[in-house]
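>>> my questions are about this predicted structure, shown below with the sequence.
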Amino acid sequence: MELDLAGKDNEIAYKVLTALVTPRPIAWISTLNEDGSVNLAPFSFFNVFGSAPPLVIFGVGNKSPGVPKDTVRNIEREKEFVVNLVDEHVAEAMNESAAALPYGESELDRNGCTTVASLEIRTPRIAESPVSLECTLHEIQKIKGNRIILGLGGKMIVRDGILDPVTKYINPAAFPVIGRMQGPDGYVRCRDRFEMAWPRT
């Protein structure tokens, strides 16, 4: 089967890409609305793309043709955001925050999560998230109906027990992350792990 995702098959591109490019990590992004309330939304077109400096990238489609999502509006104005990571314990709350709400209506009123002040930026993090990364905006690239947000990571808050204090390796049992699978309802638990030694020349 051949698909022309940029051409005649574009109407199914989202369905195909989100089903085949899996599993995808989930960025649970908190931003500040104009009135100071917190907007919270999950994005699975997301990853880290470097460590020196820490570079976070996530993609955001429009809310409707020509209308950016609330997360984009807030980041354009405030120049900052927090990436809160998602494990099994907050999966339902994350899913609830994906609802399309009017601008200014906080998802926290629906999912019961709470906020904690960040260390270096105004935007708060989500207390229930196991890991939060404070980010400042580097650039927004607009590509037709998509926007690519490039953020520079700063302070990271990691729940006790996840990172070994000496080796800094994670304890997988303490960090049961989930990933995004086929849409609209597909997720995966990351419990079945294995290791392969890197080639040594």
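Thanks, I have the structure now.
>>> helices of the protein, residue ranges please.
For the chain, the helices defined by DSSP state H cover 13-20, 70-78, 91-96, 108-111.
>>> tell me the bridge partners for the residue most central in space within the chain.
Using C-alpha atoms, centre = their mean, the residue of the chain that lies closest to the mean C-alpha position is A27, 1.1 Å off. The residues listed as beta-bridge partners of A27 by DSSP bridges are F43, L85.
>>> and it, what does it touch?
For A27, the contacting residues are P42, F43, S44, F46, V56, F58, V83, N84, L85, taking C-beta atoms under 8 Å, 6 or more residues apart in numbering as the criterion. Where C-beta positions appear, they are placed from N, C-alpha and C, glycine not excepted.
>>> how close does E88 sit to N47?
Counting by C-beta to C-beta, to the nearest Å, the gap from E88 to N47 is 20 Å.
>>> one more: I170?
17 Å.
>>> likewise S30?
Distance from S30 to N47, by C-beta to C-beta: 18 Å.
>>> now do P68
P68 sits 21 Å away from N47, taking C-beta to C-beta as the criterion.
>>> neighbour-wise, which of these two wins?
Neighbours per residue (other C-beta atoms under 10 Å) separate P68 from N47, with P68 holding more: 19 against 13.
>>> touching, S44 and I29? I think so.
No - under the criterion of C-beta atoms under 8 Å, S44 lies out of contact with I29, with a separation of 11.2 Å.
>>> got the contact list for the worst-scoring helix or strand of the chain on mean pLDDT?
Averaged element by element with mean pLDDT, DSSP states H and E, the chain has its least confident helix or strand at helix 108-111 (a mean of 90). Outside helix 108-111, the residues that touch it by C-beta under 8 Å, 6+ apart are V38, L40, E92, A93, M94, E96, S97, A99, L101, T114, T115.
>>> if we use 7 Å, what do you get?
Contacts to helix 108-111, defined as C-beta atoms under 7 Å, 6 or more residues apart in numbering, come from residues V38, L40, A93, E96, S97, A99.
>>> quick one on the thing from earlier: looking at the contacts of A27, spot the one nearest A19.
Comparing those against A19 with C-beta to C-beta places S44 closest, at 12.0 Å.
>>> which residues touch the nearest residue to that closest one once chain neighbours are set aside?
With C-beta to C-beta, 6 or more residues apart in numbering as the criterion, S44 has its nearest non-adjacent residue at 3.7 Å, and that residue is R180. The contact partners of R180, taken as C-beta under 7 Å, 6+ apart, are T22, P23, R24, I26, S44, Y187.
>>> dig out what the closest residue to the last one other than its chain neighbours forms beta bridges with.
Sequence neighbours aside, I178 is the residue nearest to Y187 in space, at 5.3 Å (criterion: C-beta to C-beta, 6+ apart). On DSSP bridges, the residues paired with I178 through beta bridges are R189.
>>> on that earlier part again, can you redo the contacts of A27 as CSV with pLDDT and distance to R122?
CSV is the format used below for the contacts of A27 (pLDDT from 0 to 100; distance: C-beta to C-beta, whole Å):
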residue, pLDDT, distance to R122
P42, 97, 21
F43, 97, 21
S44, 96, 26
F46, 98, 22
V56, 98, 18
F58, 98, 20
V83, 98, 15
N84, 98, 16
L85, 98, 20
